[in-house]
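Asker: Could you look at this predicted model? Sequence included:
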Amino acid sequence: MEEFNEAANATEAKAAPPMVSVTDLSSFMYCPRALYQKKVLGYEEKLNPAMVLGAIRHNFYDLANKYEERIVVHLPAEFSTEKINAAYSETYQNLLRAVVMNRSKSLEMFGLEPSSIISELRPIAVAEAAERAGNVHSFAAMRNIFGEELWQQLIPKIVTEMKVKSAMLRLKGVVDKVEIYGTTALPIELKTGKMPSDGVWPQHRVQVAAYMMLLQEKFNTTVGKAIIRYLDHNSSRTVVLNPYMELEIKELTEKVIRLLQGSAMPKQCGRENCSCTR
Ligand code: SF4
């Protein structure tokens, strides 16, 4: 029976259309060779401080999402802006502390002090708390509801780390944050590092365009815009989906699938100051 199941799974895997992750599209744009080495040859990327900090941020946002229901349902019937701000802020700062401490060994490997990372990332926890508190406060005031009822009816619901995939688009991914407004959704990508003087970086545009297409399919609706939040600059930029962008994503997906199914590693491109050692 087990053998039969294994055979069935193998046939299914063979029959399933190849899928690539949305981050592979942006990696391809930067360096097809590095993507090939990672995905086809199995080269592992060496852990670096940016990866550890990125993981901390993602863990924090994931927990912020999971703990929000608890905060909302336990709010008293009459609550002021200060009270709700304080409830969110205290919980979110505690979550950040717990996440950083959980990664303290990795941080120490790079000579980074957990306490200074907590201070550095605190503004992110405070800003997230203020945004969610403001959202809940205005919705509760408008509807005059609280507790479980408030949580059930709350719009927008904010979901972090939302998994999305589509066999038709041959894409899968995890969206950092999605605001759900009834039947439609607004994806938000959280980025660290430099922000362009105008618009968004091309890799970021491609990433959110793919997420918009995936969310359109998931919610069976139109998702016309996405936000990229440049955390280190406390600034947000909007990307509007258009038919050319959708075509670009489909063509790029095709190119990535061809690369990953092929047997030829792309040549070194000769860019200076790059990590091309193999
Ligand atoms: S120099 Fe090497 S790692 Fe850098 S982009 Fe070119 S091929 Fe990729």
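Answerer: Looks like it came in fine.
Asker: so how far is stretch 123-132 off the chain centroid?
Answerer: Using Cα atoms, centre = their mean, to the nearest Å, the distance from the centre of stretch 123-132 to the centre of the chain it belongs to is 17 Å.
Asker: Helix, strand, or coil at residue 46?
Answerer: Taking DSSP: H, G, I helix; E, B strand; the rest coil as the rule, one finds residue 46 in the coil state.
Asker: Hmm, residue 204 is touching residue 227, no?
Answerer: No: between residue 204 and residue 227 there is no contact, the gap being 10.7 Å when judged by Cβ atoms under 8 Å. C-beta coordinates here come from the backbone N, C-alpha and C atoms, glycine included.
Asker: Now do the shared contacts for these two.
Answerer: Counting by Cβ atoms under 8 Å, 6 or more residues apart in numbering, the shared contacts of residue 204 and residue 227 are 189, 239.
Asker: Give me the pLDDT for the residue of the stretch 1-150 of the chain found nearest the ligand.
Answerer: Across the stretch 1-150 of the chain, no residue is closer to the ligand than residue 31, which sits at 3.3 Å (Cβ to the nearest ligand atom). Looking at residue 31, its pLDDT is 95.
Asker: Count the residues that sit near it.
Answerer: Neighbour count of residue 31, defined by other Cβ atoms under 10 Å: 18.
Asker: again with residue 250
Answerer: Residues lying near residue 250 (other Cβ under 10 Å) number 14.
Asker: mind listing what's buried in the strand or helix carrying residue 248?
Answerer: In the assignment (DSSP states H and E), residue 248 maps to helix 243-261. Buried positions in helix 243-261, judged by neighbour count with 16 or more other Cβ atoms under 10 Å: 245-246, 248-249, 252-253, 256-257, 259-260.
Asker: ok, now stretch 103-112?
Answerer: Buried residues in stretch 103-112 (16+ other Cβ under 10 Å): 103, 106-107, 112.
Asker: Same check on stretch 63-73?
Answerer: 63-65, 68, 71-72.
Asker: Check stretch 71-82 too.
Answerer: Buried-residue list, stretch 71-82, by 16+ other Cβ under 10 Å: 71-72, 75, 79.
Asker: any idea how far the one residue in the stretch 151-278 of the chain that gets nearest to the ligand is from residue 202?
Answerer: Using Cβ to the nearest ligand atom, the closest approach of the stretch 151-278 of the chain to the ligand is made by residue 276 at 2.6 Å. Between residue 276 and residue 202 the distance is 20 Å, computed by Cβ to Cβ, to the nearest Å.
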